[in-house]
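> Fold the following for me, if possible:
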Amino acid sequence: MKKNNSLAWAVLFILFSMLGMTFLSLFGYFLFAFLLWMVGGQLDFNIVEIITYTKIGVFGGGVVGFGVVLMKLLKIKGF
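Predicted coordinates for the structure are as follows:
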């Protein structure tokens, strides 16, 4: 039973870190686009860049989530 709980925790942590990093990445993109709109007067949303920022967020969140879960499962101090 304990192994199932730790496995469920690990999967959920990785998924939520991927989701959080994706939202953070997209928020940064939209903030930068908004600032450029305020300075230059031209609002430009490009779907290719939005998909790229989403991929960056998913990959970054996966790496961070997997790293934290690995450190926790290996019982490294501080995790």
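> Helices of this structure, residue ranges please.
In the chain, the helices defined using DSSP state H lie at 2-40, 47-73.
> Counting by contacts, list what the last one packs against.
With contacts defined as 3 or more Cβ pairs under 8 Å, 6 or more residues apart in numbering; DSSP states H and E, the packing partners of helix 47-73 are helix 2-40. The way it works is simple: take the backbone N, C-alpha and C, and place the C-beta from them, glycine included.
> Run the chain-centre distance for the helix it packs on.
Distance, stretch centre to chain centre, for helix 2-40: 3 Å (Cα atoms, centre = their mean, to the nearest Å).
> now for that helix, which elements pack on it?
Here helix 2-40 touches helix 47-73, going by 3+ Cβ pairs under 8 Å, 6+ apart.
> Report the central residue of the protein.
In the chain, the C-alpha nearest the mean C-alpha coordinate belongs to residue 21, at 1.7 Å (Cα atoms, centre = their mean).
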